[in-house]
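>>> mind looking at a prediction? Sequence and model below.
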Amino acid sequence: MKTQEQHRRGLVRPRLVAAAGVAALTLSAGLATPLNPAPQQAQAKEGKKVLTVAVAQSVDSLSPFLASRLVSTSIHRLMYEYLTNYDPADNHAIPGLATKWAPSADKLTWTYTIRSNSQWSDGQRATAQDAAWTFNKMMTDEAAGTANGSFVANFRKVTAPSPTKLVIELKKPQATMAALDVPIVPKHVWEKVGDLSKFNNDKSFPVVGNGPFVLTGYKADSYVRLKPNKTFWRGAPKFDELVFKYYKDGDAAVAALQKGEVSFVSNLTPAQSTALRSEPDVKVNDAPGRRFYALATNPGAQAKNGKHFGDGARSLLDQKVRQALFMSVDRQTLIDKVFQGHAVAGEGYIPPRFSTYAWKPSADQELAYDPARAAKLLDEAGYKKNAAGKRVEKNGKPINYRILCHATDPNDKAVGQYVKEWFGKLGIGVTLNCLDNVTDPWLAGDYDLAFDGWSVNPDPDFVLSIHTCGALPATPKDTGATDNFICDKKYDDLYGRQLAEYDTAKRTDLVKRMQSRLYDTGYMNVMAYPNAVEAYRTDQIKSIETMPKAAGNIYGQDGYWSWWSAVPAGSTGASSGGSGSTGVIIGIVAGLVVLVGAGAFLAMRRRSTADDRE
């Protein structure tokens, strides 16, 4: 249920909620109120530069141990350093908190050199002890592993022999050791926290961090305010303040852009994009996206303890039924009519932007649009039509599938109407359950189908992990890392093998086989890969980094590059990158050296759901 993110994507599965973000750049005199955290440009008197990013997704948690939604994980990328980062040009791993890293000959021990010039915003030095404490907490406290536990599940031991040396011992080789997307937190602050499952990191400000920005204020469903970290090792951001402001209505944000009150808008609809292209001083960025858009099936919600829960339709437990639903969806019509060309038709789980791992079914495997064949499969499965032309469950009741839909996502509603029509031709009823909060019914397993989506990272491990049996909640009362309760032993076996495989070609083959398995089982109907369609005012933003640089997105990046690099219009300073560009170049060189020594694998990732997680 949304990427973003991932994800984790509203939920405590925060990634499930679809996120529609818009951003605004305004020049303000300074005194902002909770209801107006970013005063309009016309009010600027002292030249204070405020970059306001408006989002339609609520923050699920400001604790990096709990957060999964794209808006939340994006904020954490600004607040905390990770061991490694991703080069904005081509996504390869570069230094972050760690300046270099290397494995032992057997790949079971990884040693990271922690930089000596990273400082927490309260003045204390960031050290290897902070990283060791973060990972050990995730390994020993179930709550601490809520958001990113899959990264440490294979860790045997983590130690910090010195302030600049971090050692991670593994149970078996792990190909994602240069892509541990885990925010490192300050030990001296977080060791004082009691129950991490109830701590949202949103009561005391400023929040201590070592990223490019420092969190200085927060009000639920209103705003998140950050200030530049003047001691950030890569160089301070160019704006005086960064504000993430909650907008439920994307049209209102677009209108603000047109009036010059908002400088950046993302997740544009085709109509909005068309209208903005004719606006003066507005540039529309339309690039291949890192997300997929899917219709997910409730496979029978279950927990690790074997207990089943929820009220998903029994007919959807039949693979033939799920495949029939695949074949009733005309993907090209959705691309033409709903996305109006700002997307490509869905096939595998990994978007084509990530060409290494992207997969497509063979001609004889493809579940192409074929209503007649779909009807035949339903007949073969025993779900025949009654005298009224309605397909019936085995108990004789007409089939009527409830589809969870994000009320704030116009694509969900539009696609839902097409699905309702197509399923109806098969004799299947559809009820669109469009809600502001899809989290509660999703977590409870009280749905039949749901619109889903994730922002995929260059290394796909995380979005693959959310469909493993290990991601299920421990009990029906708990929250797991699962996307929609899939648990398939064949898939799990392939997942474990790809995680331990360092050979790029072999790992790629395993990842593609995993996608093939997901496709054949019919649990995830990937319908489209939407473009990243966004716009900004050129009279307010001089330059801003896309990722990747060639045909990349601005909002929801695998890193902090866009907001860190943004240069206000009228600035006489350096353009994209600014004072920190040298650090990026040095990082790229160091990262390349390390990657060669480690077997030249590129390990990066991450999630986001339709509202996603990263």
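Looks like it arrived, so ask away.
>>> just so I have it, where are all the strands in the stretch 251-400 of the chain?
264-265, 282-287, 291-297, 343-345, 400-406 (DSSP state E, counting those that start in this stretch).
>>> any chance of a markdown table for these, columns mean neighbour count?
Heads up, the C-betas are built off the backbone N, CA and C, glycines and all. Supplementary listing: these in a markdown table, determined by neighbours: other Cβ atoms under 10 Å:
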| stretch | mean neighbour count |
| --- | --- |
| strand 264-265 | 30 |
| strand 282-287 | 18 |
| strand 291-297 | 27 |
| strand 343-345 | 20 |
| strand 400-406 | 23 |
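>>> and of these, who's closest to Leu51?
Each of these has some distance to Leu51 by Cβ to Cβ; the shortest is strand 264-265, at 8.0 Å.
>>> which residues touch that closest one?
Strand 264-265 has contacts (Cβ atoms under 8 Å, 6 or more residues apart in numbering) with 22-25, 51, 53-54, 250, 253-254, 257, 272, 276, 534-537, 541, 544, 554-555.
>>> among those residues, name the ones in helices.
Mapping the contacts of strand 264-265 onto helices (DSSP state H) picks out Gly250, Ala253, Val254, Leu257, Gln272, Leu276.
>>> ok so, going back, out of the strands of the stretch 251-400 of the chain, which comes closest to Arg69?
strand 400-406 (12.2 Å).
>>> send me the closest one as PDB with only the CA atoms.
Extracted in PDB, the C-alpha atoms of strand 400-406 (Å, rounded to 0.1, in the frame of the first residue of the first chain):
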ATOM      1  CA  ASN A 400     -17.700  -8.900  -4.100                       C
ATOM      2  CA  TYR A 401     -14.100  -7.900  -3.500                       C
ATOM      3  CA  ARG A 402     -13.300  -4.900  -1.200                       C
ATOM      4  CA  ILE A 403     -10.400  -2.900  -2.500                       C
ATOM      5  CA  LEU A 404      -8.500  -0.700  -0.100                       C
ATOM      6  CA  CYS A 405      -8.000   2.700  -1.700                       C
ATOM      7  CA  HIS A 406      -6.100   5.800  -0.600                       C
END
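>>> partners of the one helix or strand Lys227 maps to, with directions?
Here Lys227, judged by DSSP states H and E, is contained in strand 223-228. Take DSSP bridges as the rule and strand 223-228 pairs in its sheet with strand 213-219 (antiparallel), strand 241-246 (antiparallel).
>>> please identify the most buried of these.
With neighbours defined by mean count of other Cβ atoms under 10 Å, none of the strands paired with strand 223-228 is more surrounded on average than strand 241-246, at a mean of 24.
>>> for that strand, which outside residues touch it?
For strand 241-246, contacts defined as Cβ under 8 Å, 6+ apart pick out 24, 28, 32, 37-38, 48-56, 58-59, 71, 75, 78, 213, 221-228, 563.
>>> distance from the chain centre to it, please.
Centroid displacement of strand 241-246 relative to its chain, using Cα atoms, centre = their mean, to the nearest Å, is 19 Å.
>>> what's the mean pLDDT across it?
On average, the pLDDT along strand 241-246 is 87.
>>> list buried residues within the ones in helices among the contacts of strand 264-265.
Buried members of the ones in helices among the contacts of strand 264-265, scored by 16 or more other Cβ atoms under 10 Å, are Gly250, Ala253, Val254, Leu257, Gln272, Leu276.
>>> and the pLDDT for Leu35?
Reported pLDDT for Leu35: 33.
>>> try the one 3 residues further on
Here, the pLDDT recorded for Ala38 equals 39.
>>> just to revisit the earlier point, among the contacts of strand 241-246, which are in strands?
Of the contacts of strand 241-246, the ones assigned to strands by DSSP state E are 24, 28, 48-55, 213, 223-228.
>>> and stretch 134-141, how far out from the chain middle?
Taking the mean of its C-alpha atoms, stretch 134-141 sits 22 Å from the chain's own mean (Cα atoms, centre = their mean).
>>> please apply the same query to stretch 250-260.
25 Å.
>>> next: stretch 412-421.
24 Å.
>>> quick one on the thing from earlier: quick one, which of the strands of the stretch 251-400 of the chain gets closest to Phe326.
Set against Phe326 and scored by Cβ to Cβ, the strands of the stretch 251-400 of the chain come closest in strand 291-297, at 8.9 Å.
>>> please name every helix or strand in contact with the closest one.
The criterion is 3 or more Cβ pairs under 8 Å, 6 or more residues apart in numbering; DSSP states H and E, and the helices and strands that strand 291-297 contacts are helix 319-327, helix 410-425, strand 449-455, strand 524-530.
>>> out of these, which is the most enclosed?
Among the helices and strands packed on strand 291-297, ranked by average contacts under mean count of other Cβ under 10 Å, first place goes to strand 449-455 (a mean of 32).
>>> what strands line up against that strand, and which way round?
strand 291-297 (antiparallel), strand 400-406 (parallel).
>>> dump the ones you listed to TSV, plus mean pLDDT.
Shown next, in TSV, are the strands paired with strand 449-455 (pLDDT from 0 to 100):
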stretch	mean pLDDT
strand 291-297	96
strand 400-406	96
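>>> those strands: which one's closest to Gly453?
strand 291-297 (4.8 Å).
>>> distance between the closest one and the chain's centre?
Per Cα atoms, centre = their mean, the centroid offset for strand 291-297 relative to its chain is 13 Å.
>>> got the CA positions of that strand in CSV?
C-alpha atoms of strand 291-297 as CSV (Å, rounded to 0.1, in the frame of the first residue of the first chain):
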residue,chain,number,x,y,z
ARG,A,291,8.2,3.3,-7.9
PHE,A,292,5.8,0.6,-8.9
TYR,A,293,2.0,0.7,-8.7
ALA,A,294,0.2,-2.5,-7.9
LEU,A,295,-3.0,-4.2,-6.9
ALA,A,296,-2.0,-6.5,-3.9
THR,A,297,-4.0,-9.5,-2.9
